[in-house]
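Participant: here is my input; please provide its structure:
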Amino acid sequence: MITETEFDNYLTKEKNWVKSKSGYEYVYDYTMKQIPSVMIKVLSSVNTGEGKSNKGSHAIRIFAVRIDKDGKIIRGYIKKQIVHLTTNWREDLLNAYKIIMSQVVVRARKDRLL
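Facilitator: Model prediction:
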């Protein structure tokens, strides 16, 4: 089980993460300064009503989307990575983030966004 506080403390060390609610869970968004038309999204599986993940709940999902100048999602950009809710979730999330970021950079170069 992961609590809202644990997730906040882990992701908001980087001050550019923005927390919001989407349906039943908290979502954390990160927009890269060097590629402002791409947003990294982390769906936490932390229930907004209870402030923690539920036993047997879904895994953390991380992926990238293209956004317009107003921050509205245009379309998906990089497919999701799954992070299971285990004791190593922080390390696993960091590894998934690195994979997503490297895929974003490769695709952004191909799409001439960089």
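
Participant: my read is residue 7 is in a helix, agree?
Facilitator: Yes - secondary structure of residue 7 (DSSP: H, G, I helix; E, B strand; the rest coil): part of a helix.

Participant: verify the contact between it and residue 26 for me.
Facilitator: Yes - when contacts are counted by Cβ atoms under 8 Å, residue 7 is listed as touching residue 26 (6.8 Å). Where C-beta positions appear, they are placed from N, C-alpha and C, glycine not excepted.

Participant: for those two, indicate the residue with more neighbours.
Facilitator: In terms of neighbours (other Cβ atoms under 10 Å), residue 7 is the more surrounded of residue 7 and residue 26; the figures are 25 against 20.

Participant: quick one, what contacts the residue positioned nearest the centre of the chain?
Facilitator: Centroid-nearest residue in the chain: residue 42, 1.9 Å away (criterion: Cα atoms, centre = their mean). Counting by Cβ atoms under 8 Å, 6 or more residues apart in numbering, residue 42 touches 11, 17, 27, 28, 29, 30, 60, 61, 62, 93, 97.

Participant: could you rerun that using 6 Å?
Facilitator: Contact analysis of residue 42 by Cβ atoms under 6 Å, 6 or more residues apart in numbering lists 28, 62.

Participant: cool, residue 10 as well?
Facilitator: Per Cβ under 6 Å, 6+ apart, neighbours of residue 10: residue 90.
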